[in-house]
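Undergrad: My questions concern the predicted model and sequence given below.
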Amino acid sequence: MFETQRRTLLESDIAWFAEWSWDTNPVHTDAVSAAAGRYGSPIAHGMLGLSVTMGLISRLGVFEGSSVAMLGVEDWRFLRPLRAGDTVWVELEIVSVRQASDASTTVVDRRASLLTADGVAQQGRLPLLMSTHPPS
C-alpha cells in the first residue's frame, strides 16, 4: 500500500478547472446558486478529483520511467463531494500484476482511494501498462 502526500483544494483550483474544461455548471461556479442546491455550497468537479488523484500518484515516483500507458479508469465511484478547503490524499494498492501479451510489458492493476478527513471521496481501479525492462 502506498500513501501520497496531501494537497488542499483551493477555490482557484475549481475555478481554473471550470475554465479549461468549459464545465461552468453553477454547482461548481456560483456560490449563491450552489447554496440553495443539494450540497449547500459549491463543490469541485468529479473529474478534478480524479485528476488530482492521478497527479498525487505521479508524485510518488514509483512508476516513473517504466509507465507505458494508462489502460483505463474502471469502476470509478464519486462517493462524497469535494469542496475548496478539503485536504486530500491517495491510498494506492497494487491489486495484481500480470504479463501483457507483449513480453516486454506488464499490466499492473491498481486500486486508488481519494480520501479527505471525512473518508473516501472517490475510488476505483487504474490499470497501468508498464515496461518490464529498464529504459536503455
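TA: In hand now; what should we look at?
Undergrad: which residues in the chain form strands?
TA: Listed from the start of the chain, the chain has strands (DSSP state E) covering 2-3, 7-8, 67-70, 74-78, 87-99, 105-116, 119-125, 128-131.
Undergrad: partner strands of the last one, parallel or antiparallel?
TA: The pairing partners recorded for strand 128-131 under DSSP bridges are strand 67-70 (antiparallel), strand 105-116 (antiparallel).
Undergrad: Next, format the strands of the chain as TSV and append distance to I57, mean pLDDT and mean neighbour count.
TA: From N, CA and C alone the C-beta is placed, and that goes for glycine too. As requested, the strands of the chain are exported to TSV (distance: least, CB to CB, whole Å; pLDDT from 0 to 100; neighbours: other CB atoms under 10 Å):
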stretch	distance to I57	mean pLDDT	mean neighbour count
strand 2-3	8	98	14
strand 7-8	12	98	13
strand 67-70	10	94	14
strand 74-78	14	98	13
strand 87-99	6	97	14
strand 105-116	7	97	19
strand 119-125	12	98	17
strand 128-131	9	96	17
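Undergrad: Switch the ones you listed over to a markdown table; also include distance to Y39.
TA: Supplementary listing: these in a markdown table, determined by distance: least, CB to CB, whole Å:
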| stretch | distance to Y39 |
| --- | --- |
| strand 2-3 | 27 |
| strand 7-8 | 19 |
| strand 67-70 | 30 |
| strand 74-78 | 12 |
| strand 87-99 | 17 |
| strand 105-116 | 14 |
| strand 119-125 | 13 |
| strand 128-131 | 32 |
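Undergrad: Perfect, that will be all.
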